[in-house]
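Asker: Here is my input, please return the structure:
(2 chains)
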Amino acid sequence: MAVDAEAVVKELRSTYTSGKTTTYEWRASQLKALLKIATHHERDIIEALRSDLNKPEHEAFVHEIAAVSSACKLALKELHRWMKPQKVKTTITTFPSSAEIVPEPLGVVLIISTWNYPFSLSLDPVVGAIAAGNTVVLKPSEVAPATSSLLSKLLGEYVDTSGVKVIEGAVPETTALLEQKWDKIFFTGNGTVGRIVLSAAAKHLTPVVLELGGKCPVVIDANINLKVAARRLISGKWGMNNGQTCVAPDYIITTKEYASEVVDTISSELEKFYGKDPLQSKDLSSIINTRHFDRLAKLLDDVKVSGKIVHGGQSDKTNLRIAPTILLDVPEDSLIMKDEIFGPLLPIITVNKIEDCFGVINGKGKPLAAYMFTNDKKLKEEFIRSVSAGGMIINDTVLHLAEPGLPFGGVGESGMGAYHGKFSFDAFSHQKAVLQRSFMGDVAARYPPYTPWKLRFLKALLGGDILGIFRALVGW
Amino acid sequence: MEELSRSLAELKQTFRSGKTKGAAWREAQLRALLKLVEENETQIFEALKRDLGKHPVEAYRDEIGVVKKSAEHSLAHIKKWMAPKKGQIPLLLFPSKGEILPEPLGTVLIFGSWNFPISLTLDPLIGAISAGNTVVLKPSDLAPACSSLLSRIIPLYLDTKAIKIIEGGSNVAEILLEQRWDKIFFTGSPRVGSIIMSAAAKHLTPVTLELGGKCPVILDSLSGSDLKAAVKRIAGGKWGPCAGQACIGIDYVLVQQKFAPVLVELLKNCIKTIIEPTILLDPPLDAQIMSEEIFGPLLPIITLDKIEESIDFISERPKPLTIYAFTKNKRFKDQILQETSSGSVTFNDTLVQFICDGLPFGGVGQSGFGRYHGKFSFDTFSHEKAVLHRSFFLELEPRYPPWNDFKLEFIRLAYSFNYVGLLLLLLGLRRRFARNLNL
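Answerer: Reported below is the predicted structural model:
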């Protein structure tokens, strides 16, 4: 179904120009509508996610539904405060004056979502865009078709469709949308498509937020509570869409000495969580489609990692299931260490001493998240200081996403811009600087014809040198 | 080309060594930059006179003074800016500590512009240094005396292993753009801005684009000394900075029909002493002078039946870097703020918002994106890294599979921060939903 992208943008621009979406009332009403969708249609959402990803109901609730309803509730609670101008101190240089920063919407924004958290990664940015007063086009991922069509149906029923639209489709529709001029584009996905989005945006000087990915390392030091570490690692890796998460632990780095203990502990906890036959466990998501299944299978077929599987390895192509799999001592030039894995395979890189981990991590692109389990203060500080990543957690995984006080976004190859909480509002706003001056206090030194006296005065004024100003005024 | 690769490799190595991350290095560079400007004031005045015929007072006000003020402001605040910001973590995640830690992006590329060839090159440099990056500066070749002066003196004062300056025209710029940078900061026209952003897209490099636009002045009905002050400021804002060649310089004036003759008279009185200013009354709106940024000493005046029409006039056009409005009417001010969009708005004056370090300086829409000045400069060249510290102590069992009814209810309550409900659930006193969970 072809989309007339130009007509869509025109309609949204006209809605925006009418001023309706900039009012508090409109924004709050739309946020309430989204909240209603999340709370009144739990069953439908859970079913769609089960159809698209075989996502366990527990995960569907926690990572998708609850994430959206929390975002709506926070925005509703804080909206007045976020919309308020922020007063700014002025200095003697512009005395007398008053200044403030006024947030305003950008206008018409495009949000391109992805398939692994197809509900929350679609609506979470939409919450930010609406809170900031914009009109929105949401393009959900066609790789999660049940959720895409559910979003289209539910938003069509609940929100103001003259201001918020869902456009379904695949590459042709996305391309058509990207040719238009937007005031902001928010994209979640991989780096290859991220570059395409950024290039398209460049033609119209459109600012973007890119939430991409990367290989999120987990450094496991000795002398820690390994059981707790293993459980937190497992919940961040396999407990979230079976590894298909942008901030999932991608690979582990630990010492040669400690490695076998790490493997044993993770293996034993995995069995407690998913049983002896994880392919049958209802608590584990499936792989999204055949293309990704084949991609992951290929990583295991790589001759460089043959014989390295120490746990798992089972798969079921018919049902698109792969069991949690651990590989020990993979070479750094193997396929599995090249790109983001995005699946239930966990390679372990072993090093001689734990400090060698920094060389391994910094040799790769900056990831979206980096994790370290340690009780060693110095090692922890070195980690925070020398590893650059979107976000980091010490002694846990993934949780920082749940914290709206922390910005969620990448750096370098893992993306640009951030959102969650107030950062979502800011991502879709322009912070306009406003200076109010009085007609009094006119300073002749500003105006030509220029004289040496004026130069002296200006030097003093710009340097905040009150005595100098005085001296210039009295002609010293 | 080979030399460029070597230079870049050196910058990356310097960055990896961690030298630029310490406050001491950053402060030393900022002090060196202050010395550079103070000890070379005369040469800077000369270069600006040669390139642009700029008078020393303008040169001080718009170039040297700006750089000095910026460097001093950064020195005074840098330790505070570098400190981590506490993030509020909910009780549910106790015990944890969350913070936002600013860190440098790496190696950044700064393109200067020709109209303020000293300040528009050195001011972003101050931001990049404050944030701890290594830098390549590419001054504009259209201001050759300033470009070659900077090229000569910067290596004498700043750390050459961390800050490099590369001269040249568009062919040099093209070669630079093929490399991978951690950030590009560009001041210039929207056309070139788009080219730069396209090149940056290949490497997923974030950019800040400080562009231009037609900055309008709305002149409401004023009288007496207020009107005289307004006109003086308008004249100063048009013909003052670089003979009208400034991104925030006034492009055109909107005024009510009946005040136009008075305005023209007062302007003529003001500008008697300035060379070749030109005022055009009501040029056709589709003339080139009204469609492109003028960037010169021509001032069109558009007359309207009512001054409120200025809002629609401005909104129908691309968003400018600044809107100036001379008015004492509060309702009109609010209307302008709500119904127009621009990088910034200044009431009852022109240009001065540029020197307010507390206000972000940047555009929106066609006038660009990203911002700088004051702490915004530091932020523009930083990545704000989220860091969450957790303890091994105190485990939250409901986080882990196998899933069941209890765990789901726990999480439901946790997401609403319903601590009372959680306590009751844990004590077995809370009735769980009879939900058909299919577990």
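Asker: CA atoms for contacts and neighbours, from now on please.
Answerer: Fine.
Asker: State the pLDDT value of B:Gln288.
Answerer: With respect to pLDDT, B:Gln288 scores 83.
Asker: which residues touch A:Ser97?
Answerer: By CA atoms under 8 Å, 6 or more residues apart in numbering or on different chains, A:Ser97 lies in contact with A:90, A:435-438.
Asker: Alpha carbons of stretch A:328-340, as PDB, please.
Answerer: Extracted in PDB, the C-alpha atoms of stretch A:328-340 (Å, rounded to 0.1, in the frame of the first residue of the first chain):
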ATOM      1  CA  LEU A 328      34.700 -20.100  26.000                       C
ATOM      2  CA  ASP A 329      37.900 -18.500  24.700                       C
ATOM      3  CA  VAL A 330      36.800 -17.400  21.300                       C
ATOM      4  CA  PRO A 331      39.500 -15.700  19.200                       C
ATOM      5  CA  GLU A 332      39.000 -12.000  18.900                       C
ATOM      6  CA  ASP A 333      38.900 -12.200  15.100                       C
ATOM      7  CA  SER A 334      36.100 -14.700  15.000                       C
ATOM      8  CA  LEU A 335      32.800 -13.800  13.300                       C
ATOM      9  CA  ILE A 336      31.000 -13.800  16.600                       C
ATOM     10  CA  MET A 337      33.300 -11.000  17.900                       C
ATOM     11  CA  LYS A 338      32.900  -8.800  14.900                       C
ATOM     12  CA  ASP A 339      29.300  -7.500  15.000                       C
ATOM     13  CA  GLU A 340      26.600  -7.100  17.600                       C
END
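Asker: list the contacts for A:Asp302?
Answerer: A:Asp302 sits next to A:334-335 when contact means CA under 8 Å, 6+ apart.
Asker: Ok, A:Ala230 next?
Answerer: Neighbour list for A:Ala230: A:262, A:265-266, A:269 [criterion: CA under 8 Å, 6+ apart].
Asker: per-domain residue ranges of chain B.
Answerer: According to automatic domain parsing, chain B is divided into the following domains: B:2-211+B:372-386, B:216-362, B:406-438.
Asker: in the last one, what counts as buried?
Answerer: Residues of domain B:406-438 classed as buried by neighbour count (16 or more other CA atoms under 10 Å in any protein chain shown): B:407-415, B:421-422, B:425.
Asker: So which of those sit within helices?
Answerer: B:407-415, B:421-422, B:425 (DSSP state H).
Asker: near chain A, which of these show up?
Answerer: Of the entries in these, those that also sit close to chain A under the rule CA under 8 Å from any CA of the partner chain are B:408, B:411-412, B:415.
Asker: wait, which of those residues is closest to B:Asp51?
Answerer: B:Tyr415 (62.5 Å; CA to CA).
Asker: Cross-check the contact I'm expecting between that closest one and A:Ala66.
Answerer: Yes - contact status for B:Tyr415 versus A:Ala66: in contact at 6.8 Å, counting by CA atoms under 8 Å.
Asker: so where's the chain uncertain?
Answerer: Just going to use chain A. Scanning chain A for pLDDT under 70 picks out the ranges A:1-2, A:441, A:444-445, A:475-476.
Asker: Actually, chain B is the one I wanted.
Answerer: B:91, B:273-276, B:430-439.
Asker: most centrally placed residue in it?
Answerer: B:Arg371 (2.0 Å; CA atoms, centre = their mean).
Asker: my read: it touches B:Thr208, true?
Answerer: Yes - if you go by CA under 8 Å, B:Arg371 and B:Thr208 touch, sitting 7.0 Å apart.
Asker: So which bits of the stretch 51-200 of chain A are right by chain B?
Answerer: Near chain B, when you scan the stretch 51-200 of chain A using CA under 8 Å from any CA, you find A:57-58, A:62, A:66, A:70, A:88-91, A:93-94, A:99-101, A:104, A:106, A:183, A:191, A:194-196, A:198-200.
Asker: was I right about A:Glu59 contacting A:Met240?
Answerer: Yes - assessed by CA under 8 Å, A:Glu59 is found in contact with A:Met240 at 6.9 Å.
Asker: who has more neighbours, the two?
Answerer: A:Met240 (26 against 22; other CA atoms under 10 Å in any protein chain shown).
Asker: contacting residues for that one?
Answerer: By CA under 8 Å, 6+ apart, the residues touching A:Met240 are A:59, A:248.
Asker: Phi and psi next, for it.
Answerer: phi -130, psi 90 (degrees, to the nearest 10).
Asker: Roughly how far does it sit from chain B?
Answerer: Using CA to the nearest CA, to the nearest Å, A:Met240 is found at 11 Å from chain B.
Asker: now B:Ser310, nearest residue through space, not along the chain?
Answerer: Of all residues not flanking B:Ser310 in the chain, B:Leu254 sits nearest, at 6.3 Å (CA to CA, 6 or more residues apart in numbering or on different chains).
Asker: thinking again about what came up before, quick one: neighbours of the residue nearest to the residue nearest to the centre of chain B when sequence neighbours are not counted, just the number.
Answerer: For B:Arg371, ignoring the flanking residues on the chain, the nearest one in space by CA to CA, 6+ apart is B:Gly362 at 4.2 Å. Using other CA under 10 Å, B:Gly362 has 28 other residues around it.
Asker: coming back round to it: and the contacts of A:Ser97 as a markdown table, adding secondary structure and neighbour count?
Answerer: Formatted as a markdown table, the contacts of A:Ser97 follow (DSSP: H, G, I helix; E, B strand; the rest coil; neighbours: other CA atoms under 10 Å in any protein chain shown):
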| residue | secondary structure | neighbour count |
| --- | --- | --- |
| A:Thr90 | coil | 19 |
| A:Leu435 | strand | 25 |
| A:Gln436 | strand | 20 |
| A:Arg437 | strand | 21 |
| A:Ser438 | coil | 18 |
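Asker: Just put those in TSV and tack on distance to B:Ile355.
Answerer: Formatted as TSV, those follow (distance: CA to CA, whole Å):
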residue	distance to B:Ile355
A:Thr90	10
A:Leu435	11
A:Gln436	14
A:Arg437	13
A:Ser438	16
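Asker: Run through the bridge partners of A:Ile220.
Answerer: As for beta bridges, A:Ile220 partners with A:Phe373 under DSSP bridges.
Asker: My read is that it contacts A:Met372, right?
Answerer: Yes - taking CA under 8 Å as the definition, A:Ile220 is a contact partner of A:Met372 at 6.0 Å.
Asker: Spell out the secondary structure type for B:Ile323.
Answerer: strand (DSSP: H, G, I helix; E, B strand; the rest coil).
Asker: how deep is residue 378 tucked in, by neighbour count?
Answerer: No chain in the question, so chain A it is. 9.
Asker: actually chain B
Answerer: Residues lying near B:Phe378 (other CA under 10 Å) number 26.
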